[in-house]
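> Have a look; sequence and predicted model below, questions after that.
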Amino acid sequence: MAEVRNCPSCGGIFYYTGIRDVCPLCVMAEEEMYNKVYEFLRRRENRTASAEQIVKETGVSTKLLYKWVRKGHLHPSKFPNLGYPCDSCGLLITIGKICEKCTNSLKKDLDIVEAEEDTIVMNETYLAHGKYTNEIKFDS
């Protein structure tokens, strides 16, 4: 079922069906801008243009350009200087949500947390069975 939302671009109200995240008027405006950008990039001399050059020459917003690259409408394999910012550090990437450096950093942090949890569990287990403390003795 459709959900009523405000368009993040123009503020208008539209029915969100899960397909488009902006209202129909903004969709048409985005498609016009996309066609302008794509025509610019199709010219051989512009295929290696950076995001800043594309924004300057076409007037498209950087946010919209990154959205198209992230969603796969503009492929970095065809246009090598295109990318979108890593969600963590802002470095331009071409796949995923975070760059390799941030991924490795998160993996290291997770390994540390898992090691600490394992140590806590191990200590609790040994303490529960009388290890490392005086053996529990019952007087009978």
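Received it, and whenever you're ready, just let me know what you need. Because the structure is a prediction, the values reported are computed rather than measured.
> quick one, what contacts the residue nearest the centre of the chain?
When the chain is reduced to its mean C-alpha position, the closest residue under CA atoms, centre = their mean turns out to be K97, at 3.0 Å. Listed by CB atoms under 8 Å, 6 or more residues apart in numbering, the contact set of K97 reads 86-87. C-betas here are computed from N, CA, C, even on glycine.
> From the chain's centre, how far out is the helix or strand bottoming out on mean pLDDT in the chain? Work that out for me.
Using mean pLDDT, DSSP states H and E, the weakest-scoring helix or strand in the chain turns out to be helix 100-128, at a mean of 81. Remark: helix 100-128 is offset 25 Å from the chain centroid, using CA atoms, centre = their mean, to the nearest Å.
> which parts of that helix are buried?
Buried residues in helix 100-128, defined by neighbour count with 16 or more other CB atoms under 10 Å: C102.
> Now do that helix: which elements does it pack against?
Using 3 or more CB pairs under 8 Å, 6 or more residues apart in numbering; DSSP states H and E as the contact criterion, no secondary-structure element is in contact with helix 100-128.
> circling back to that earlier point, which SS state does the residue nearest to the centre of the chain fall under?
Applying DSSP: H, G, I helix; E, B strand; the rest coil to K97 yields a three-state assignment of coil.
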